[in-house]
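[1] pasting the sequence and the predicted model now:
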Amino acid sequence: MLAAIGTGAQAAAIRVNQVGFAPQAAKQAVITDNAATNFEVVTADTGKTVYTGKLSAPAVWKPSLETARLADFSALTAPGDYRIKLDGKTVSDRFTIRAWPYGDLNAAAIKAYYMNRASIALTPQYAGIYARPAGHMDDKVLVHVSAASQQRPEGSVIASGKGWYDAGDYNKYIVNSGISTYTLLAALEHFPGYFAKQNLNIPESGDGLPDLLNEALWNLDWMLTMQDPQDGGVYHKLTNKSFDGMEMPDQVKATPRYVVQKSTAAALDFAATMATASRVLKAYDQQRPGLSARMLAAAESAWNWAQANPGATFRNPADIHTGEYGDQKLQDEFAWAAAELYISTGKDSYYRAIKAEQLPATTPNWSDVGGLAWMSLAQHRAHLTPAADQKLIASRIDSLAASLTANWKDSAYRVPMQEQDFVWGSSAVALNQSMMLLQGYRLNGKADYLSAAQAGLDYVLGRNATGYSFVTGIGARPALHPHHRPSEADKIEAPVPGFLVGGPQPGRQDEKDCPVHYVNKLPATAYLDHVCSYASNEIAINWNAPLVYVSAALDQLTVNKTTTGASMEPKFELATLARQEELLQFDSFSNDTALALGMKVIELARAAGKSVAVNVTQDGTMLFYHGMPGTNADNANWIRRKSNLVNRTGHSSFYTHTEVKNAGGDYDALPGLDMREFAAHGGAFPIIIKGKGRIGTLTVSGLPGWEDHAMAVAALKAHLKIDANI
Ligand code: G3I
Ligand code: 9MR
């Protein structure tokens, strides 16, 4: 890697997400310090104008003091490669509009964890040009005096291999591992379909587990070794006394590695992460027998240790000079661990330990994890015991999303980031804000929340005051010189790809270590694309994690964005839905009818600009399946579960949904039904032969349930030429 300063700072006056957008996404660019009043969007290669618009009135963005105007081209939905043009001349970096725009970014962001694995050689098969020998086997780690116990006195040797290097340095810290690993597991819990088929080409690929889980397990395996089996306490970190030099992992001077002091924060973050992992691993007990149960037991024993040692805050012992992750306020760590244990065990005592009324919802970071508790409670809200305050869960998430959205609306850059958000790791602040906005959107479908979340990803990919893409290897002007020991020492010009760099912040704590100066002290521009800059250009596992979450979520949620969310579901009368089943019946049915019916749905979806998967079965045999672009295995799974319900109840799945909902029940937890096999959401409709009865199903997936149902009904009406108002 050449020690030079990157060129992104000389970016054009047009700041735009350098990857691109899904067709249905909000699309905005920022134009700075330019007198233009109109803009065009042109095709990237031929320069043909496809869209023209007016720039918004100029306004000053406080974090950079630039005068900014917005170019909004959300209405441009046609897939293609484009640039923005001003005054008939200035053109922006190219970007793409297409469905699933973030697949490569997401895969690279997860692969970066593989690239940061400790205790394993990266081979060319998986790491390509970034292959390297193993470093830091950590099979003989010393117990530091601060961590000594009767059974493990100072100098005892333990094995604590695997795990990811925390960042640009080679140490491993439990507090930061907790939020990082949790965030990856949350992505998997929330969007299982997105990750089910992803192949990251890592050593475990193809073993029957999603690769994201395989990667997370590399760190979870290490975390488990950080717990003292005698008392459940968890060591705060595994580290050298001082940072290693800027060398490859296998080249560093051999110095002892230590586990250092058990801390309350480490025990609680460990407990929360293990409780979460135990849920995810439950479905893979065949592949990893007993692991889920072992993790839950480890989580509970760490929790018990923290109860007995509630004030063991961490400060570096005098002889340890590496990353501290020293957090003095632990109310949020207690609440988060309690929330995950509550969700995983169903024990009400854990719910009470959250002290939910006193827990604010904030944008998470390594030292403030309360927001993660709210996010998990919201995700699992359909399965909580009556002890949980459902209204509070919804309102806490919504207020945070609403306040971030208000900041986004007011901002001259149309991003949620405010001056005070530019701290060490500001890029991850932007993405953690997006992650919380997405929780709001998933709860109530407010379109602005999704647009504000999109803005956070736009920010790190180029719509920022430096003009850089803050993700290595991604975009036209990526950061080139991260503070990352392997990227610096490997003699390869391009840095290891897929890493989010910390980003601008006015602290500039590294100035004394840098041969070059920051050009600027403003919060949003105090950034150095130089390897010296650990305060603005390091990489870190907790920063990449929300990049993984947000890129997957935006891909998944934007593809079928409709103007109405789940909470906008109109109220339906059961009588109307029963009437549909009476009227929409066939005289006869054949394989050709199935084909025509399936094609009818596709035709209607295309006309409405929507993407769905459709399935027609007769007597349990599939006669038709088509997944339009943007649908995936997740949709097939919904189809399976929704049609199972029709076969069980004889009614449309939306009939059952409405029946339960109108009675105030929980359609995601039907008594006596395993909800992994059944789904009471709209979209599956019985195929009924007049006078004979039900012989099959027509099922649509991809839209909110009631819209899936409406589409199935519309197709049946069109096919059967029935014009009734149903
Ligand atoms: O808490 C204060 C806040 O009240 C104040 O408003 C704000 C203003 O700058 O500062 C906040 O404290 C900051 C703290 O992070 C919490 O975010 C400190 O200034 C800042 O120096 C501190 O930075 C941490 C840094 O280590 C130095 O300790 C980063 O969060 C943390 O991500 C970073 O982590 C390092 C590891 O120690 C070692 N490995 C690499 C990793 C990434 O750089
Ligand atoms: O490389 C270290 C980085 O991972 C840390 O985040 C950072 C702050 O603790 O410190 C870096 O190490 C620097 C040290 O603090 C001061 N001397 C220069 C080191 C970087 O080369």
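    Ah, there it is. Numbers count the residues shown, from 1 in each chain. Ligands and ions are numbered 1, 2, ... in the order given.

[2] count the neighbours of the closest residue to A382 other than its chain neighbours for me.
    Nearest residue to A382, sequence neighbours excluded (Cβ to Cβ, 6 or more residues apart in numbering): D668, at 3.8 Å. C-beta: built from backbone N, CA, C; applies to glycine. Using other Cβ atoms under 10 Å, D668 is surrounded by 14 other residues.

[3] list the contacts of D166.
    Residues counted as contacts of D166 (Cβ atoms under 8 Å, 6 or more residues apart in numbering) are 172-173, 176-177, 323, 540-541.

[4] now do the contacts for the residue most central in space within the chain.
    Centrality entry for the chain: nearest residue to the mean C-alpha point is Y549, 1.0 Å, by Cα atoms, centre = their mean. Residues near Y549 by Cβ under 8 Å, 6+ apart: 183-184, 186-187, 190, 431, 435, 438.

[5] mind running it again at 6 Å?
    By Cβ atoms under 6 Å, 6 or more residues apart in numbering, the residues touching Y549 are 183, 187, 435.

[6] same check, this time on N544
    109, 112, 500.

[7] element containing the second one?
    With elements delineated by DSSP states H and E, A112 resides in helix 103-115, which encompasses its position.

[8] any idea how far that helix is from the chain center?
    Centroid separation for helix 103-115 versus its chain: 12 Å, with Cα atoms, centre = their mean, to the nearest Å.

[9] residues of it that come out buried?
    By 16 or more other Cβ atoms under 10 Å, the buried positions in helix 103-115 come out as 105-115.

[10] over to stretch 59-69?
    Those would be 59, 61, 63-64, 66, 68-69, for stretch 59-69 by 16+ other Cβ under 10 Å.

[11] so H681: helix, strand or coil?
    Assigned with DSSP: H, G, I helix; E, B strand; the rest coil, H681 falls in the coil class.

[12] ok, it to ligand 1 distance?
    41 Å (Cβ to the nearest ligand atom, to the nearest Å).

[13] and if you look at F470?
    F470 is 14 Å from ligand 1, by Cβ to the nearest ligand atom.

[14] check G627 too.
    41 Å.

[15] now that residue, which residues is it bridged with?
    Under DSSP bridges, the beta-bridge partners of G627 are A613.

[16] show me the residue of this protein that gets nearest to ligand 1, please.
    G323 (2.5 Å; Cβ to the nearest ligand atom).

[17] that residue: neighbour count?
    Quick note: G323 (other Cβ under 10 Å) scores 19 neighbours.

[18] top strand in this protein by residue count?
    strand 693-701 (DSSP state E).

[19] quick check: buried residues in the following helix or strand past that one?
    Next in sequence after strand 693-701, counting helices and strands by DSSP H and E, comes helix 705-720. Residues 705-719 are the ones in helix 705-720 that count as buried (16+ other Cβ under 10 Å).

[20] likewise stretch 671-681?
    For stretch 671-681, by 16+ other Cβ under 10 Å, it's 673, 675, 678-681.

[21] now the residues you listed in CSV, with distance to ligand 2 and pLDDT?
    Formatted as CSV, these follow (distance: Cβ to the nearest ligand atom, whole Å; pLDDT from 0 to 100):
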residue, distance to ligand 2, pLDDT
L673, 51, 82
M675, 45, 81
F678, 49, 92
A679, 46, 93
A680, 50, 94
H681, 46, 94
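
[22] right, and ligand 2 sits closest to which residue of the stretch 351-500 of the chain?
    H483 (6.1 Å).

[23] tell me the pLDDT of that residue.
    pLDDT recorded at H483 is 98.

[24] look up phi and psi at it.
    Main-chain dihedrals, H483, degrees, to the nearest 10: phi -80, psi 80.

[25] burial count for it?
    Around H483 there are 26 residues (other Cβ under 10 Å).

[26] now swap in P570 and tell me
    7.

[27] so it lies in a helix, does it not?
    No: P570 sits outside any helix when classified using three-state DSSP, being coil.

[28] got the contact list for it?
    By Cβ under 6 Å, 6+ apart, P570 has no neighbours at all.

[29] now it: how far from T658?
    10 Å (Cβ to Cβ, to the nearest Å).

[30] so for the two, which residues contact both of them?
    In contact with both P570 and T658: no residue, using Cβ under 6 Å, 6+ apart.

[31] pLDDT value on M1, please?
    For M1, pLDDT reads 33.

[32] cool, and D723?
    85.

[33] try G565
    For G565, the predicted pLDDT is 42.

[34] kindly report the same for I354.
    Note on I354: pLDDT of 98.

[35] that one: neighbour count?
    Counted with other Cβ under 10 Å, the neighbours of I354 add up to 25.

[36] also A277?
    Neighbours of A277 under the rule other Cβ under 10 Å: 28.

[37] once you drop chain neighbours, what's closest to it?
    Closest residue in space to A277, ignoring its immediate chain neighbours: M295 at 5.0 Å, by Cβ to Cβ, 6+ apart.
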